[in-house]
Structure formats: C-alpha cells, structure tokens
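Engineer: Could you work out the structure for the sequence below:
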Amino acid sequence: MGASLPEIAGGASSPSELPRKPGVFGGALPPGVPRSASAPYQVPYKAPFSVGEEKKSSWVVGGFIGLFFVGLIILFSKGTPSSSQSLENISSSGIGSDSDHEPGERKVVSVDGVDIALHWCPPGSFLMGSPETEDGRDKGEERHRVKITHGFWMGETEVTQGLWTKVMGENPSGFKLGDNYPVENVSWDDCQSFLKMLNAQVPEEGFTWVLPTEAQWEYACRAGTTTAYFWGNVLNGDKANCDGNYPCGTTAKGPFKTTTTRVGSYDANPWGFFDMHGNVWEWCADRYGSYPSESVKNPPGASSGSYRVARGGSWFSPACQCRSARRNRHPPNNNSHGLGLRVALVPVR
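Structural biologist: Numbering: from 1, shown residues only. Have a look, this model is predicted:
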C-alpha cells in the first residue's frame, strides 16, 4: 500500500488552457414545431338558442373565466415570496440566489483582461475527514458531518502567476514557467494582501473574495464523492501532479515531474475544479485545530492557534498527502515553492 513519509510543506496545481468539461447549464433548445395550416372554418347556420342550450353555453363561458383567474392567482403567488419564505438567500448582486444555480455552474470574472473562472458549490452536507480504513490516513482526520448552508463560488484552478501579477504587480513564484502556471512561494499573509487588492479592483456587490474555509475547500474537492480522491482510492502521479515514487492505494510507482504543471493539466472533478489534488498546497482561511466530534454548520475553524491550514498536496508531496481529507498547517508568514492558493467568492453575511 502507499508509503508513509513525514508531513512536508508544498504543493502545486497545473494551469490550464485545456478543453473545458461540458457545462451543466443544459443543452440546446428543442427544435421548433412547424405550424400546420388549417382549412378555413365556416360557422354553419344554426337556429337561435333554446333555453337549455343557453344555460350550457353560460356554464362553459363561466368555467373558462374561472380557470383564467385561478391561473392569475398561481402566477402572482409564485412571483412574490410569501412571509413564510426565507429571503436570506436573495442577493441583489446579479450573481443570483442559491436556487438560481446548478452544482458546478461556471461563470467568469475578468480582472483587466485576465479571467477568473469560478464554479458554483451549492448548499448541502457531507462527511468531512476520512474513514479509519483509508490508506495514508493521518491524525486529525476524524470523520464528522458538516452542513454548508449557503452556496458559494470557488476558483476553477489555483490562482495563476498571470492573475497574481495583474493584481499585485509582481510574481513571487520560484517556478516562473508562464502565466498559466500556479503562483507559489506565497504566505497566508501575502494572500490577505492579494485578496484586499482583488476586492478593490473587482468588487462584486453582495459578495467578497476570500480564501475558502477548510470545510468549503473539502466540500468543493469532494464534489459529492466519498473516496480518497474524487476518482477513487489510488494515486501514483498519473492523475495528479505529485511524487509518484511514493504511491497511495497501490505499490506501483508513477511519474514525478519535479516541478509545477500548467493549471488544468489533469481531469477536473465532478463540479469542474482542476488540481484539487497535487500541484500546490492551497491556503485556507482557518486556523488549524482539532475537528469537532458532533455535526456542525459552516465551521470557521479553530478560534485560536498559531498555524493556518493548507490543503491538497503539492508537486513534491507523496500521493497520500494529496487525499481529499489530508490536512497540513504552516505559520501564516511561511512560504515555499509548494504553497499557493485558490480564491472563493462568498456572500457577505
């Protein structure tokens, strides 16, 4: 089974200009149905109504009028929220409410010509952490139920060197391989400066740019799956950028690229996110701390602590460190060639 090594800091994700996964917005409109011409209709002469016939006619007309008013009542009741409906998810930002979007729906925001592709993560619940039988399982991964009560948008890829440079005016990366490679060598503190600039340059009414919480990150990473990786329980460097010399779930070794790869070089998960496993570790908003033993809603992480959470593994991580449940931690001023980030766009509450 997978080899076990001491925890290391690092990560990477691969830039992508690859063909996109088919969207979830539905297909083309159904073909139109040609109209059929009908022959002219001539009303035959009929004798004046008898009393019985006149009553029948009144009943028919009255029925049609009744149906018309019932339809109007239904129409207006749907268009106007009742007092019992929750208005909490209704946003004036133009991005829409939770119910307006499908899981994985894609939208693009432009920063002075550089695009940020985002995917929608709907409200829902999932089991956070790993089962005791999972290969490579580490301490601190106790399984517990988490409920995400509000949907949010998250970056399709890690923040690229091109985006970071556009927002911050410089590229701190150790691997300066191109605009579509993940930015790395950034600390948690650096990420806060980046997010402040991003919110100033690209404000989204009713929303704010942040690092995802650890729970939001794992929810998006799993995208409804329950295995070690979104595709299953085996990784040796073939499906994500990691050190394939130390595989997980198998003894077969795989590739080790010794550097970051373009974002999007590997398959996306079911909600359209690339490189959630490997390439660069991704900073999260939370302080590192023990998981709760009971079910929780929208956990913000530990209330105190010196370390911040990083997720996903990196280009030099053993495969087991790239699992969906794997946790890492660093001082907020720490940086390395394996530390990057992925942005989230969340409702202001």
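
Engineer: how about low-confidence regions in this protein?
Structural biologist: 1-97 (pLDDT under 70).

Engineer: which stretches of it form strands?
Structural biologist: 106-111, 114-121, 124-128, 144-148, 152-155, 207-210, 281-287, 296-297, 308-311, 327-330, 339-340, 344-347 (DSSP state E).

Engineer: mind checking which of these is nearest G224?
Structural biologist: strand 124-128 (7.7 Å; CB to CB). The C-beta positions use only the backbone N, C-alpha and C, and glycine is treated the same way.

Engineer: neighbouring strands for that closest one, and are they parallel or not?
Structural biologist: The strands beside strand 124-128 in its sheet (DSSP bridges) come out as strand 144-148 (antiparallel).

Engineer: Can you name the residues in contact with the strand it pairs with?
Structural biologist: 121, 123-129, 215-216, 219, 291-299 (CB atoms under 8 Å, 6 or more residues apart in numbering).

Engineer: Could you pull out the buried residues of that strand?
Structural biologist: Buried residues in strand 144-148, counted by 16 or more other CB atoms under 10 Å: V146, I148.

Engineer: Ok, stretch 113-130 next?
Structural biologist: I116, A117, L118, H119, W120, C121, P122, F126, M128, G129, S130.

Engineer: Verify the stated contact: the last one with A228.
Structural biologist: In this case it means S130. Yes. S130 is in contact with A228 according to CB atoms under 8 Å; the separation is 7.3 Å.

Engineer: Mutual contacts of these two, please.
Structural biologist: Counting by CB under 8 Å, 6+ apart, the residues touching both S130 and A228 are R323, S324, A325.

Engineer: Tell me the one of these nearest A268?
Structural biologist: S324 (14.5 Å).

Engineer: burial of that closest one, as a residue count?
Structural biologist: Neighbours of S324 under the rule other CB atoms under 10 Å: 27.

Engineer: residues near the nearest residue to it once chain neighbours are set aside, how many?
Structural biologist: Nearest non-adjacent residue to S324, counting by CB to CB, 6 or more residues apart in numbering: C221, 4.9 Å away. Residue neighbour count, defined by other CB under 10 Å, stands at 25 for C221.

Engineer: Over to the one 3 residues further on?
Structural biologist: Neighbour count for G224, taken as other CB under 10 Å: 13.

Engineer: dump the residue contacts of it.
Structural biologist: P103, F126, P270, W271.

Engineer: okay, those residues in a markdown table with distance to A344 next?
Structural biologist: Shown next, in a markdown table, are the contacts of G224 (distance: CB to CB, whole Å):
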| residue | distance to A344 |
| --- | --- |
| P103 | 15 |
| F126 | 16 |
| P270 | 18 |
| W271 | 13 |
